[in-house]
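K.L.:
Sequence and predicted model, in that order:
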Amino acid sequence: MEKKSIMFYNWSDTDFKWKYDGEMYKFKTKESMYLPDYLAKHFAKHLVDRELTNQGKQVIDGARAGMIKKCYTEETISRNEEQQKIDLANKPKRVKKESKKKANNGRKQLKK
């Protein structure tokens, strides 16, 4: 079954992290990759929200549409499910959650 994929691009000057379905994804600055269309749209929305907020603007600002367009660097393509799984396996980096025990040990070591 063919599904739409979109080339998502983190055009910002900083890395971008956001969750989808409980999974944290990280996109390095200026990184681009094909994502299923629903993921690309989700991340584009939140990247633009972050950038507008950082600029002191409301998320409904007139600049929003132009910023959203910058998130998509190529036309949408059709990819089968297997190709999409390969894309997601290669990128983006999924950030593993640090266990509370590990985090607490790190804090204790810093205090010494």
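P.N.:
Thanks, I have the structure now.

K.L.:
show me what contacts the residue lying closest to Thr73 once chain neighbours are set aside?
P.N.:
Computed as C-beta to C-beta, 6 or more residues apart in numbering, the closest residue to Thr73 that is not its neighbour in sequence is Tyr9, at 4.4 Å. Placement of C-beta: from N, CA and C, glycine included. Tyr9 is in contact with 30-32, 70-73, counting by C-beta atoms under 8 Å, 6 or more residues apart in numbering.

K.L.:
Would you format those residues as CSV with distance to Asp15 included?
P.N.:
Shown next, in CSV, are the contacts of Tyr9 (distance: C-beta to C-beta, whole Å):
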residue, distance to Asp15
Lys30, 10
Glu31, 8
Ser32, 14
Lys70, 16
Cys71, 15
Tyr72, 19
Thr73, 17
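
K.L.:
can you give me the helices in this structure?
P.N.:
37-54, 64-70, 81-90, 100-111 (DSSP state H).

K.L.:
worst average pLDDT in the ones you listed?
P.N.:
Lowest mean pLDDT of those: helix 100-111, a mean of 47.

K.L.:
Mind listing what's buried along the longest strand seen in the chain?
P.N.:
Once the chain is assigned using DSSP state E, the strand that runs over the most residues is strand 2-9. The neighbour-count check on strand 2-9 (16 or more other C-beta atoms under 10 Å) flags 5-9 as buried.

K.L.:
What number of residues are in the vicinity of the nearest residue to His46 once chain neighbours are set aside?
P.N.:
Counting by C-beta to C-beta, 6+ apart, His46 lies nearest to Trp18, which is 4.7 Å off, once chain neighbours are set aside. A count of neighbours around Trp18, defined by other C-beta atoms under 10 Å, yields 17.

K.L.:
Trp18 against Tyr25, yeah?
P.N.:
Yes: counting by C-beta atoms under 8 Å, Trp18 does reach Tyr25; the two are 6.1 Å apart.
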